[in-house]
Every structure is written in structure tokens, then in C-alpha cells.
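Asker: Sequence below, structure please.
(2 chains)
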Amino acid sequence: MSAAAPQTWDEFMEGVWKQNPTFVMILGMCPTLAVTVSAINAISMGLSTALVLIASCGLVSMMRNVTPKEVRIAVYIVIIATFVTAVDYAIQAISLALYDALGAFIQLIVVNCIILGRAEAHAAKNPPWPAMVNAAGMGVGFTIGLLALGVVREILGAGTLFGISLFGVGFQPWVIMVLPPGGFFVLGAWLLFFSWLERRKLRRQSSATEVAHHV
Amino acid sequence: MTTPIEIRSAPHVQSAKTVEMIMRHVVYSLLPICAFYVFQYGVSALASIIVVTGACLLTERFFVGTGTQAGRLSDYSAVITGLLLALTLPPGFPLWMGAVAGIVAIALGKALFGGIGFNVFNPALVGRAFVQAAFPTAIATYTPSFLPGRFTEFIPSTLALPLMIPADPASWLKAKSLDALAGATPLAKWKFDGVLANADELLTSLSGHMAVGPSPLLILVCGAYLASRRFMDWRIPLAILGSAALTASLLYAFDAARYPNPFFMLFSGGLILGAVYMATDMATSPVTPKGMWVYGALIGLLTVVIRYYSGLPEGVMYAILIANAASPLIERITQPVPFGRGVLDRVKKRATYPLNPGYISREEANAVTPKKRFLPNKPKK
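Answerer: Okay, the predicted model is just below:
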């Protein structure tokens, strides 16, 4: 049991960092660009996607031995659509304002390529527990990605964070940040930042090995 | 016998023209325009020019320092970007927004593409397009020129605190007993109020309190200097102005009551500045002579179309950006016929390549491909 714990943690962190759906795999761009005008929208979109992801990956994994190969995509879609409908009604019940803000993008989780991709590539080949851990990691990674965009766009586009005013009444909103181009600019900036981090890490590693060789 | 013979590849004839030298002369030619602009609008214009250019230079310095882009700080290209950007912004534009425009212009418009010579779009216009989309109110707020006391007093919107809404200059103008309409540009007045400015107001902008940009005549004179020294190709501005005048006069002939006269179209707004200084950016315009005509004609046409039929009063910026995006395609379809290929055998049917009618495939030309000969591998030691 003690040996299994770090492996599970690795499985989880895989989706959060190493294969982050937003910043590394660049999947699910449609909700990423469309609903991240505010942090609260971003986090609720991310969490609903994560919920659907975990639940449907678990079920797909449980049914992996009884699913005929020929109709597996249809089976996945039905499973995902079931959970999406549940989440859709839940959000409608919790907050109608949020539901209106997210619009069609909750229903569109059905065709989100992250979920179908996870079901096909991971859940269909692994037992339920690792599949759900992996799905949870991906879901958290996606939420972090959306939140990263949402925070920047809300601060610059409205001067608020989670609805709390940061700069007082005289703040000049950057209209472009609420418009679609703002989504592309912020996403590009984050991608640049992460690739810069990655390159710096590689450079340090190579210089460290070089030093080791010289010594 | 002792002098070594230097053997090297083309080009063998060198000219004194370097990128730095051309850029320096463009900066010289911009200085009178900037001086007149400061004379028109006072200290606010001066502060705007200094801050925007400073932001461009600092951003350029940062990106050159990372070693990821071509060019140096001393090649003057960032200075040109900064000066042009400042000239396209309203004189009372808040300084912090001007700094944002300058940073975006260099970072997004130039550094991301790899530095000088690699940019697809004119950097100054990228910066302006960004602030146009981000701060649509501030960029449409002009103040009249030649106000009394302009050299001692800032326009109140200039000194807005960073990230804060600038003060509306309307009340400030009222204190000077001018109505708020005095601040509208001739184009905005025409578009929203149907008032046409006279020719003398547009050309010299010395009469009345017209809010006009840097004087068009001065820009034409400075552009003529650049063209005469061959630092700039005369075809592009001529094509832009010609095509804009043609489109505008056709429409004017069609319905003189609805459309303004072509003279107003040419000399209002930023058309002259855009045609002479922005569309002629060497990195973003076609190099083929025929392509320059096509490129210029496209800009002129788009400018007039955007001015007439869109919600915006001014269309030069978007016209130039669209034409920038089209210029690689324009270059491909306007490749000149190589010297030595006669008129008779210029185009062979069946052999045309859709984007270049003059192209003849090797097989059509009965070319014999030489047999490939591989050198034997070096024996391993």
C-alpha cells in the first residue's frame, strides 16, 4: 500500500502539470477561450468538466470489459452525456446567473475532446481507481488552466477578482480582454510563460550535467 | 603577388545604404512632423511622444537582451515605431495607455516574430489596434489644436493615473468656453454630424480650433524627401492615394449629396501619414514593383470602403493591417518575368502553376535532370 501511494500521486500530477490539457496538450480550446471572461465562470466551468470527467472515466473503466469494441465511442458518448445532463441541471439549480453566463458550453462538455480522449486512451484500458485518479488530475489541470486565463482576463477586463473590486471605482476596463481577442492574447502569453519555464529548466539541467562532466 | 585575391559570393557591389542609415533618415524626416505636432498641441503631445517612444525602446531593449531576436537597439527601428505610434494617438491620450500601446507594439508586433525584418504587421499599427480595441473611448477623444496656454498646461486626460479612467476633457474645454464638439476630428464630425471641413482647415490646420492630426502637407514634403533619397518607394504612397481618390471620386460622382468630396477623403484623418510612413514599412510591404501597386491600391480601396460603410470613422489602420497580411500573396502573384525569357514563350498552356502564371515545370521545359552521383563513403578509420 505504501508503495502504491507515490504512483497514484504521479498519476494525478501527470494531468495537473506534465500533460496539462490546456497548456501542454492544448485541448478543449473552445470553452477555454469562450467562458474565461471571469474567474468565477472559469472555475465553475473547470469544476463541472472535472466532475463529468471523473465520473464518466470511472464508469467507462468499469464497463471496459463488457463494451463491444465496435460501438465503444457511442457508449462513451452516452455515458458522458448522462453526466453532463446531471451537471447541467445541478448548475441550473445552484445559480441561474452562472448557468446563463456559461450558456451552451455546459452542454458542449459532451463533445469536449479531453473527456473523450481520456476515456479512449486511459479509462478503457485501466481499472476504475487509476482511471479516476488520472481523470481527477486532468480535471484539476483543466481547472487550473481555465482559472489562469480567467483571473488575468477578469483583473484587466473588469478590475475585479471573483467579483471583488481591486482598484476602486476609477478603474479603466480593458475592453479587449473581455472580447475574444483577449482570450487568445492571454492564452498565448501563458503558453509563452510555460515554455520559457520549461526551457529554463532544460538549460539548467544541461548546464548541471556539463559541470558534472567537467568535474 | 603578395596581395591575396578575395573570393566571395554575391553581392559584389555594395551601397552605403544600410538598415541603420535608412532608419536614421526616416527618423530625421519624422522630426519636423513631431515638432509641428508639439507646436499644435503643446506639452501633452510632447509627453506623449516621449513616453510612447520610451516604452518602445525599453521593450526593444528587453527583447534584444534575451538574445532571441534580430536587430539592435541602435538600429533606430524602435524609435520610428514609437514616433509613428505617438503621432497616430490623440494628443491627450493618457500616458499610461500610451506606454501600454508602445509595449504591445514592440512585444506583439515585432519581438514575437523574431525582430526587425521578420514582422508581418506594422508594429506601430499593431500597438494602435490593441489600444483601439482595449480603450475605445480614450482613443476617440480628441482635443482642439492651438489652444491658448497649451505649452504650460497638460490636457487633463494625459495625466490619468495608471489603470484609471482618464478625466473627460469636455468640462475642461467648457472652462475655456469651447464646446465639446470642437474636439471631434473632421472625420468624426463628417460621420456622426454630417459636417464637412474645408480644404484650408484640413491642409494647414492653422485656422480655427480643428482637431486634426499632424499636418498632411508637412508629411507629404517629408515623404518626398525620403522618396527622392530612395529610402522609400514612391509607388506605394502614390498607389494608395490614387486608389483612394479614384474610389472616392467614383462614389462622389455617383451621389454627391451622400458622399463627401474626394479631397476631403484624402486629406482628413491619417490617410497621408499611413500612406507615406506606415504602408511603406519595408518588412511588411511587397518588394516586387507590380506588387507595390496592387498593395497600395488595396489599401486605398479598403480605407474608403471602411470609412463609408463601417461604424468607425477612420479605416486607414485596418486597411494597412489587412494589406500587410495579404502582401506575401501579392508578392507571389506578381513575380517579375526573369530576364531573358521572351514574350513569345512566356506562358505555356498546361504548364501553369495556379499562383504564378509564368511558372514552367522542369518536365515541361524538357529539362534533363542530371543523374545523381553519390560519393563513396569515407573509409572508417
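Asker: anything in the helix or strand in which B:Val52 is found near chain A?
Answerer: For B:Val52, the host element (DSSP states H and E) is helix B:43-65. No. Residues of helix B:43-65 are not located near chain A by CB under 8 Å from any CB of the partner chain, the shortest gap being 11.9 Å. (Each C-beta comes from the backbone N, C-alpha and C, glycine too.)
Asker: for that helix, what is the average pLDDT?
Answerer: If you average the pLDDT over helix B:43-65, you get 92.
Asker: Check which helices and strands the next helix-or-strand element following that helix sits against.
Answerer: Next along the chain after helix B:43-65, taking DSSP H and E as the criterion, comes helix B:77-88. Under the contact criterion of 3 or more CB pairs under 8 Å, 6 or more residues apart in numbering or on different chains; DSSP states H and E, helix B:77-88 touches helix B:19-41, helix B:43-65, helix B:95-109, helix B:123-134, helix B:271-273.
Asker: elements contacting the third one?
Answerer: On a contact count with 3+ CB pairs under 8 Å, 6+ apart, helix B:95-109 meets helix B:43-65, helix B:77-88, helix B:123-134.
Asker: hmm, back to that, tabulate the helices and strands packed on helix B:77-88 (a markdown table), appending distance to B:Ala256.
Answerer: Listed next are the helices and strands packed on helix B:77-88 as a markdown table, based on distance: least, CB to CB, whole Å:
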| stretch | distance to B:Ala256 |
| --- | --- |
| helix B:19-41 | 32 |
| helix B:43-65 | 36 |
| helix B:95-109 | 38 |
| helix B:123-134 | 31 |
| helix B:271-273 | 20 |
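Asker: who touches the one residue sitting closest to the centre of chain A in this structure?
Answerer: Centroid-nearest residue in chain A: A:Phe142, 1.1 Å away (criterion: CA atoms, centre = their mean). A:Phe142 is in contact with A:20-22, A:28, A:46, A:49-50, A:53, A:114, counting by CB atoms under 8 Å, 6 or more residues apart in numbering or on different chains.
Asker: do the same with B:Phe63
Answerer: B:69, B:106-107, B:110-111, B:115.
Asker: Average pLDDT for stretch B:134-142, rounded please.
Answerer: The model assigns stretch B:134-142 a mean pLDDT of 86.
Asker: Buried residues, it. List them.
Answerer: The neighbour-count check on stretch B:134-142 (16 or more other CB atoms under 10 Å in any protein chain shown) flags B:134-135, B:138-142 as buried.
Asker: go on, stretch B:220-239?
Answerer: Using 16+ other CB under 10 Å as the test for burial, stretch B:220-239 gives B:220, B:222-223, B:226-227, B:231-239.
Asker: could you dump the helices and strands packed on helix B:95-109 to JSON lines with distance to B:Phe36?
Answerer: As requested, the helices and strands packed on helix B:95-109 are exported to JSON lines (distance: least, CB to CB, whole Å):
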{"stretch": "helix B:43-65", "distance to B:Phe36": "10"}
{"stretch": "helix B:77-88", "distance to B:Phe36": "10"}
{"stretch": "helix B:123-134", "distance to B:Phe36": "19"}
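Asker: Now do the residue lying closest to A:Ile109 once chain neighbours are set aside against chain B, distance only.
Answerer: Closest residue to A:Ile109 apart from its sequence neighbours, by CB to CB, 6 or more residues apart in numbering or on different chains: A:Val84 at 4.9 Å. Relative to chain B, A:Val84 is positioned 34 Å away (CB to the nearest CB, to the nearest Å).
Asker: repeat for A:Ala90
Answerer: Taking CB to the nearest CB, one finds A:Ala90 at 36 Å from chain B.
Asker: Look up how far A:Thr209 lies from that residue.
Answerer: Separation of A:Ala90 from A:Thr209 (CB to CB, to the nearest Å): 51 Å.
Asker: where does chain A have low pLDDT?
Answerer: Residue ranges of chain A with pLDDT under 70: A:1-6, A:211-215.
Asker: Spell out the residue ranges of the helices in it.
Answerer: A:4-13, A:29-34, A:39-62, A:72-94, A:96-102, A:113-121, A:128-158, A:175-178, A:180-214 (DSSP state H).
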